[in-house]
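> sharing a model that was predicted from the sequence below.
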Amino acid sequence: MVNAVLRRALAAKDPDQMSPDLKWSHPNWLWRRWSSNMGPQAAEKAMAAAQEPAAPWVWFASDEARAAVEGAGGTLRSHPWCPGTWTATNGRSELMQEVARGGAVVQDPSSQMVARIAVSAVGGNGSAADLCAAPGGKTALMRRLGEWDLLVAGDRSLAKAGRLGRRLRTVPVLAADATRPALAGGAWDLVLLDAPCSGTGTCRRHPELKWRLQPEAISEAAGKQRPMIAAALELLAPGGVLVYATCSVEPEENEGHFETAPAGFEPMATDDLLPAGLPWTETAAGGVRILPHEHGDGFTVHALRRKG
C-alpha cells in the first residue's frame, strides 16, 4: 500500500520541478548544508549516488585467493581508481564464498584509501596503532600492505575488541578508549584515528541514516572527537604521523579540528599519495575530501606530522 501511494504521489510530480532534497530523498536541512559547503552541483551528485546500490568491492589476501575465484568461474572487474580492488561481474556467489573463507575482504574503496594513505605516509614500516579499529578492515589492509615492526589495534568496546582479535589473529588488540589509549606516549611512527562520526558519507550503504540523523549530531560528534585527537597526538614519536579520518563530509568533524596546527605539529600533504582518478577535493586545512559517488562512500582525511 505504501509503495502504491508513493508511486501515485511521484506520478503527479515532474521530477525536474522537484526540489533536490525531495528528488533525491534527503532531508532538507542536509541539502541546504551540502549545497552551501560543496556547491549545489556536487551536492546533487552526492545525493544521487546515495540512491544506487553499492557494489561489493573486495581486496584479496593473496594472489591465490583471487585465482581461486576465477578458477571457480567468477569474472572479476577491477576498480577504476582503487588499486588491488575487485568486484564480480558474474559469479558473485564464488566471490562471497572466498570472503567467507577469509581469502577476500569486502571493504568500500574510499575506506581502503584511508588505510593506503596511512601506510604510504610512513612507508609501511615502524610502529603503528589503529585506535578505533573495529570492524578491522583498515587494520587488516595495513597489515597486508606494510612491513611493520609492531602493529596494534584498539577499540573501546570489549565485545568489538574480541571480534577484532578473532579476525586479525596476528595483530595485538586492546580494549581501550581512544581518549585514553593505554599505549606508550611519544613512541609511535603512525597513529590512525578513524574517529566515530555522523557518517554522512555513507548514506548509500545506510539509507536510514539520513532520516535518523539530526543537525545537532554533527557538532556533538565533533566535540567527542577533540579529546581523541589530543590523545592520539601524544602517542607520536618525533617525525611520527597522525592520520585522522572520518566517514563524514562535514567540515566541523574534519578540517574544523585542524584550522591551526597544534604546537609542535605540522600539516602533512597527502595529495601525492592518491591514485590517479580518485575524485577528491582539498579541504580548508589541506586535507583530502572524497565526496560520496558511484564508486565509493564519502570520507575525509587529514595528516599531521610531529616535528623533530
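Structure's in. What do you need?
> chain center to the helix or strand harbouring L174, what's the gap?
In the assignment (DSSP states H and E), L174 maps to strand 173-175. Centre-to-centre, strand 173-175 and its host chain are 21 Å apart (C-alpha atoms, centre = their mean, to the nearest Å).
> same thing with stretch 177-188?
22 Å.
> using CSV, write down the CA coordinates of that stretch.
C-alpha atoms of stretch 177-188 as CSV (Å, rounded to 0.1, in the frame of the first residue of the first chain):
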residue,chain,number,x,y,z
ASP,A,177,39.1,4.2,24.9
ALA,A,178,40.7,6.3,22.2
THR,A,179,40.7,9.2,24.7
ARG,A,180,43.0,7.1,27.0
PRO,A,181,44.6,4.6,24.6
ALA,A,182,46.8,2.8,27.1
LEU,A,183,49.8,2.9,24.8
ALA,A,184,53.3,4.4,25.3
GLY,A,185,53.4,8.1,24.6
GLY,A,186,55.9,9.6,22.2
ALA,A,187,56.7,6.1,20.7
TRP,A,188,54.6,5.6,17.6
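> the strand holding L174 pairs with which strands, parallel or anti?
strand 150-155 (parallel) (DSSP bridges).
> pLDDT (mean, whole number) over the partner strand?
Averaged over strand 150-155, pLDDT sits at 97.
> would you mark the buried spots in that strand?
151-155 (16 or more other C-beta atoms under 10 Å). Placement of C-beta: from N, CA and C, glycine included.
> in the stretch 51-200 of the chain, which spans are helices?
Using DSSP state H, counting those that start in this stretch, the helices of the stretch 51-200 of the chain run over 63-71, 92-101, 109-122, 137-145, 158-168.
> winner for burial among those helices?
helix 109-122 (a mean of 24; mean count of other C-beta atoms under 10 Å).
> who touches that one?
Helix 109-122 is contacted by residues 57, 59, 79, 81-83, 85, 128, 137-139, 141-142, 145-146, 189-190, 192, 194, 201, 240-241, 243, 245, 247, 268, 270, 273-275, 278, 288, 290, 295-299, 301, 303 when judged by C-beta atoms under 8 Å, 6 or more residues apart in numbering.
> stretch 266-276 too?
81-83, 113, 116-117, 120-121, 241, 258, 261, 280, 282, 285-288, 301-305, 307.
> gap between the two ends of that stretch?
26 Å (C-alpha to C-alpha, to the nearest Å).
> buried residues of that stretch, list them for me.
For stretch 266-276, by 16+ other C-beta under 10 Å, it's 268, 270, 273-274.
> where does pLDDT dip in this structure?
By pLDDT under 70, the low-scoring segments of the chain are 12-13, 15.
> what's the longest helix in it?
helix 216-235 (DSSP state H).
> buried ones in that helix?
Buried-residue list, helix 216-235, by 16+ other C-beta under 10 Å: 217-218, 221-222, 225, 228-229, 231-233, 235.
> looking at these, which is nearest Q41?
Q41 lies nearest to I218 out of those, by C-beta to C-beta, at 22.3 Å.
> that closest one touches G199, doesn't it?
No: judged on C-beta atoms under 8 Å, I218 makes no contact with G199 at a distance of 10.3 Å.
> now the common contact residues for those two.
By C-beta under 8 Å, 6+ apart, the residues touching both I218 and G199 are S248.
> mind listing what's buried in stretch 77-90?
79, 81-82, 85-88.
> same question for stretch 25-40.
Here stretch 25-40 shows 26, 30-31, 33-35, 38 as buried, counting by 16+ other C-beta under 10 Å.
> quick one: the nearest residue to P251 once chain neighbours are set aside from T200, how far?
Distance criterion C-beta to C-beta, 6 or more residues apart in numbering; nearest residue to P251, sequence neighbours excluded, is N37 at 6.3 Å. N37 sits 10 Å away from T200, taking C-beta to C-beta, to the nearest Å as the criterion.
> how much does the helix or strand A245 falls within deviate in direction from helix 216-235?
Mapping A245 onto the secondary structure by DSSP H and E places it in strand 236-246. Per axes from the mean of the first three to the mean of the last three C-alpha atoms, to 10 degrees, the angle that strand 236-246 makes with helix 216-235 is 160 degrees.
> using PDB, write out every CA atom in strand 236-246.
What follows is strand 236-246 as a C-alpha-only set of coordinates in PDB (Å, rounded to 0.1, in the frame of the first residue of the first chain):
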ATOM      1  CA  LEU A 236      53.500  10.100  18.200                       C
ATOM      2  CA  ALA A 237      57.300   9.900  18.200                       C
ATOM      3  CA  PRO A 238      59.300  12.700  16.700                       C
ATOM      4  CA  GLY A 239      58.600  12.600  12.900                       C
ATOM      5  CA  GLY A 240      55.500  10.400  13.600                       C
ATOM      6  CA  VAL A 241      52.300  10.900  11.600                       C
ATOM      7  CA  LEU A 242      48.700  11.100  12.800                       C
ATOM      8  CA  VAL A 243      46.200  10.100  10.000                       C
ATOM      9  CA  TYR A 244      42.800  11.400  11.100                       C
ATOM     10  CA  ALA A 245      39.800  10.200   9.100                       C
ATOM     11  CA  THR A 246      36.000  10.200   9.300                       C
END
